[in-house]
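>>> Here's a sequence, model it:
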Amino acid sequence: MPSPRRPTAALRARLAPQPLLRRAAALGLRGRLRLRATRLLLAGGALVACALGLAAGLNLSHALSPAAFAAMAGEGFGRPWAVQSVRLELHRGPRLRLEGVEIEGLGSATAAEVELRLRPLLSGQIRARTVRLEAPHLTLRRGPSGAFLPLFRRTGGGDLSDLPAFEADGGEIDLVQGEKLTAVVRLSSLSLGRFDDGKTAELVVAGNLTGGDGRWHTHPIQLRGDLVHAPDHLALVEGHASARHVGARWWSGHDARARFAVRDGRVEIQSLDVRGFGGTWHASGRIWLRDGMRLELALHVEGVDFASLLSAADGRSPRTDDDLGTLRMHWDRLQVPWRGGPRFEEGDGQGQLRVLGGRLPGTSLLAALVGREPAPTPVQSFTALARLEGGRLHSDSVRLVTGDYTLEGRGSVGLDGSVALEGRLDLAGDLLVPTVPVTIAGTLPHPTVDTHVGRVPAKGVGAMAGAVHKTGSAVVRGTKHAGRKLGTILGVTGRKLGARAETNEGDGSIP
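Purely as a prediction, here's the structure:
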């Protein structure tokens, strides 16, 4: 029996229901109509784009006049502009290339690239989206109150929402008060965002900051904050900055970080942390910019190498082989003028000082008394409640504890290293005598110490001698020998003790 044949396409079409055929034909017609409509829309869009492009071209051709562009830019910034040449570039959208840019009261740039906003351009206006400055030389001025003056002068309030964003590669910014150049920012890069709310834009700066004719510096610095532009002043809030190196006159540090704000003629420091001289420095407070800069800080210092700090302050290398221990300071209030750097010699404040460990240069008292080779005196601690006044640290509670003696006194130490202290000396160990009055003078780290042995009772000298040696003649010789070896620490103490011991021996005071 033959197998049945499959129906052909024509046969299937004749056998298909007629409503399905009509539906397929209708769908095909709709597709063709949609295609034609899409082509018409594209053609219309192209015609509109050509018309808009022609209008934009006419507007740009007018703006390509340096005088016309400068007039439009000056109107938008509130400052007169001047440019040497303007040309149109279209390879990355509509933009203008400016050469020889001058902005009155603000500065100049060798060139600038202006990215244009398309919608205003189509309506016959020239509005910039972004302005990129090449090697700008800008000036930021402070008024008599210390506050920074506005960058843009606008009428009808301080709304700056129509201004472009600004960028810069290279160049510098001069910070000026009156006619005086106070600091220079040498730029690696700068970015000032759009004033979206009409008065606040994000500012990001990278570069080096120097001032005081190079006497203070931070480099390289990274700064970020919100620039607030008011009609009569500038402010910077939510500021964050970091720098690898910082220095001011003789002081130097590294790895600095700060949180701050600049407003109303002052810099408000929420926190400033920096490492220097082997330790950490933390400060908070404010810097006043009005009537000359001055610092008002709370300062905490931890783990600083005291010898290196003294050497740097004295104009020598901050590295030294001396071991004067580690310094810890806490100042609740420290006020210091700033002229090319901090002028501590003109400052005032209240604080606490503590030094742990180290060695005093000179001869060990105990070693000398028993005839051994001289050695530096080991320090256990040095503490003082101090006030800074007249370039000196004054204290009524100086206490120095060493392996040989304890010194308690009062007086002052100058920032120049000069010493003027009066105190009482108590010898350590078994060589105890009544308290010996002392005067410390000279300069750090090698002051001279003069003991007032004449104020010590004769029996006190005999007690010390008897504790050292068992016979009168050995005591005399030992005491004289000690006196010859103690010059660098206690001045003429030993010689006076020996002389008094000889006198007492003659009258039988020494057994």
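>>> Correct me if wrong, but S308 is in a helix.
Yes - counting by DSSP: H, G, I helix; E, B strand; the rest coil, S308 is part of a helix.
>>> please begin residue numbering at 23 from this point
Okay, residue one is now 23; in that scheme the one you just asked about reads as S330.
>>> That one reaches F299, doesn't it?
Yes - the pair S330 / F299 is scored as a contact, 4.8 Å apart, by C-beta atoms under 8 Å. Heads up, the C-betas are built off the backbone N, CA and C, glycines and all.
>>> which one of these two has more residues nearby?
A count of neighbours by other C-beta atoms under 10 Å puts F299 above the other of S330 and F299, at 24 against 21.
>>> Can you give me the distance of the more buried one to E111?
F299 sits at a distance of 54 Å from E111 (criterion: C-beta to C-beta, to the nearest Å).
>>> how about low-confidence regions in the stretch 73-222 of the chain?
Within the stretch 73-222 of the chain, the ranges that satisfy pLDDT under 70 run 73-86, 113, 142-147, 177-180.
>>> For it, just list every one of the strands.
Per DSSP state E, counting those that start in this stretch, the stretch 73-222 of the chain carries strands over the ranges 103-104, 107-111, 117-125, 129-138, 150-156, 159-164, 187-191, 194-199, 202-214, 222-233.
>>> and R114, how many neighbours does it have?
Count around R114 with other C-beta under 10 Å applied: 8.
>>> who's in contact with it?
Contacts for R114 (C-beta atoms under 8 Å, 6 or more residues apart in numbering) come out as none.
>>> Now G362: closest residue in space, sequence neighbours ignored.
G234 (3.0 Å; C-beta to C-beta, 6 or more residues apart in numbering).
>>> thought the one you found was touching G363?
Yes - counting by C-beta under 8 Å, G363 is a contact partner of G234 at 5.8 Å.
>>> Surely G314 forms part of a strand?
No - counting by three-state DSSP, G314 is not part of a strand but coil.
>>> neighbours around it, how many?
By the measure other C-beta under 10 Å, the count of residues near G314 is 11.
>>> try the one 5 residues further on
Using other C-beta under 10 Å, L319 has 22 neighbouring residues.
>>> Near A95, how many other residues are there?
24.
>>> measure S330 to S274 for me?
Taking C-beta to C-beta, one finds S330 at 10 Å from S274.
>>> what pairs with A408 across the strands?
Counting by DSSP bridges, A408 is bridged to G373.
>>> Give me the local confidence score for it.
Reading off the confidence values, A408 has pLDDT 93.
>>> what about it, distance to L415?
Computed with C-beta to C-beta, the distance linking A408 and L415 is 5 Å.
>>> Pick out whichever of those two has more residues nearby.
Between A408 and L415, counted using other C-beta under 10 Å, the more crowded position is A408 (22 against 19).
>>> What residues does the more buried one make contact with?
Contacts of A408 by C-beta under 8 Å, 6+ apart are 372-375, 415-417.
>>> go on, D370?
357, 409-411.
>>> Counting neighbours, what do you get for F174?
F174 - counted by other C-beta under 10 Å - has 15 other residues nearby.
>>> Same question for L317.
22.
>>> so it bridges to which residues?
I309, V358.
>>> any idea how far L332 is from it?
21 Å.
>>> Give me the neighbour count for the residue lying closest to L214 once chain neighbours are set aside.
Once flanking residues are discounted, L214 sits nearest to F188: 4.3 Å by C-beta to C-beta, 6+ apart. Residues within reach of F188, counting by other C-beta under 10 Å, total 20.
>>> What of D472?
Neighbours of D472 using other C-beta under 10 Å come to 16.
>>> where does the stretch 373-522 of the chain have low pLDDT?
Ranges of the stretch 373-522 of the chain meeting pLDDT under 70: 383-397, 450-456, 467, 474-522.
>>> please redo it, this time with the cut-off set to 50
Flagging of the stretch 373-522 of the chain using pLDDT under 50 yields the residue ranges 385, 387-393, 454, 481-519.
>>> which stretches of it form strands?
Using DSSP E, counting those that start in this stretch, strands in the stretch 373-522 of the chain cover 381-382, 399-411, 414-424, 427-436, 440-449, 458-465, 470-473.
>>> So in that sheet, which strands flank the last one, and in what orientation?
Partner strands for strand 470-473, per DSSP bridges, with pairing direction: strand 458-465 (antiparallel).
>>> Compute the inter-axis angle for the strand it pairs with and strand 414-424.
Strand 458-465 and strand 414-424 are oriented at 130 degrees to each other (axes from the mean of the first three to the mean of the last three C-alpha atoms, to 10 degrees).
>>> Now do the buried residues in strand 458-465.
By neighbour count on 16 or more other C-beta atoms under 10 Å, the buried set for strand 458-465 is 458-462.
>>> next one: stretch 217-235
Going by 16+ other C-beta under 10 Å, stretch 217-235 has these buried residues: 217, 221-225, 227, 229-234.
>>> so which of the strands of the stretch 373-522 of the chain comes closest to A157?
Set against A157 and scored by C-beta to C-beta, the strands of the stretch 373-522 of the chain come closest in strand 399-411, at 44.7 Å.
>>> contacting residues around the residue nearest to G362?
Per C-beta under 8 Å, 6+ apart, neighbours of G234: 204-205, 361-363.
>>> thinking again about what came up before, could you pick out the buried ones from the contacts of A408?
For the contacts of A408, a burial check counting by 16+ other C-beta under 10 Å picks out 373, 375, 415-417.
>>> which of these lies closest to P253?
Taking these together and measuring to P253 by C-beta to C-beta, the closest member is G373, at 42.4 Å.
>>> right, and that closest one touches H352 too?
Yes - counting by C-beta under 8 Å, H352 is a contact partner of G373 at 6.0 Å.
>>> Identify the contacts common to those two.
Common neighbours of G373 and H352 (C-beta under 8 Å, 6+ apart) are L321.
>>> Could you pull up phi and psi at R361?
The phi and psi values for R361, taken as degrees, to the nearest 10, are phi -140, psi 100.
>>> Just the pLDDT at it, thanks.
pLDDT recorded at R361 is 83.
>>> unless I'm mixing things up, it is touching M315, no?
Yes - judged on C-beta under 8 Å, R361 makes contact with M315 at a distance of 7.4 Å.
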